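In: Everything below, folded, please.
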Amino acid sequence: MKYLRVEDAIKGFVGYAKIEGIINSEVANSKIANLAYDNRKKAYEYLKAHRAFDKMKPLLTNDNLYVRLCAATKLLNVYEEEALNVLEDIAKGEAHAFVAEMTIKEWKEGNLTF
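Out: Take a look at the predicted model:
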């Protein structure tokens, strides 16, 4: 997927994150999950290249838990406090709690860069 506008990349990031979240938690199809991940990554790379982090920030309050998780992970280096709050909230729940916990741990240990 090639993006030409920030708005389209945001929609792509959200859409692929939703697919990835469903596949990872309900269907368990690694081929589809990897495809969704790759496409979400392409959307993020476009957003990063265009320094559109301010356009991503509203995703921290998205209705979809996996969208919030993905956005918080990618925004740690820009909006650290807000992103950590989102991850900590997710870590208290059931769905994707382990991923949120490990992301927080690895971030605080300095093992993640975006």
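In: what's residue 66 in contact with, if anything?
Out: Contact analysis of residue 66 by CB atoms under 8 Å, 6 or more residues apart in numbering lists 17, 18, 20, 21, 22, 24, 25, 96. Where C-beta positions appear, they are placed from N, C-alpha and C, glycine not excepted.
In: ok, the residue positioned nearest the centre of the chain to residue 90 distance?
Out: Nearest to the geometric centre of the chain sits residue 70, at 1.2 Å (CA atoms, centre = their mean). Using CB to CB, to the nearest Å, residue 70 is found at 11 Å from residue 90.
In: So for stretch 27-42, mean pLDDT?
Out: Along stretch 27-42, the predicted confidence averages to a pLDDT of 91.
In: And for stretch 55-66?
Out: Here the mean pLDDT over stretch 55-66 is 97, rounded to a whole number.
In: give me the element the nearest residue to residue 64 once chain neighbours are set aside is part of.
Out: Taking CB to CB, 6 or more residues apart in numbering, and ignoring the residues beside it in sequence, residue 64 has residue 18 as its nearest neighbour in space, at 5.5 Å. Counting by DSSP states H and E, the secondary-structure element that holds residue 18 is helix 6-22.
In: sorry, back to before: if you rank the contacts of residue 66 by neighbours, which is first?
Out: Neighbours here mean other CB atoms under 10 Å. Within the contacts of residue 66, the largest count is held by residue 17, at 27 neighbours.
In: Quick one: the helices in the chain, in order.
Out: Taking DSSP state H, the helices of the chain run over residues 6-22, 30-49, 53-56, 65-74, 80-91, 97-108.
In: State the pLDDT value of the nearest residue to residue 75 once chain neighbours are set aside.
Out: Distances taken as CB to CB, 6+ apart place residue 83 nearest to residue 75, at 4.6 Å, with adjacent residues excluded. The per-residue pLDDT reported for residue 83 equals 98.
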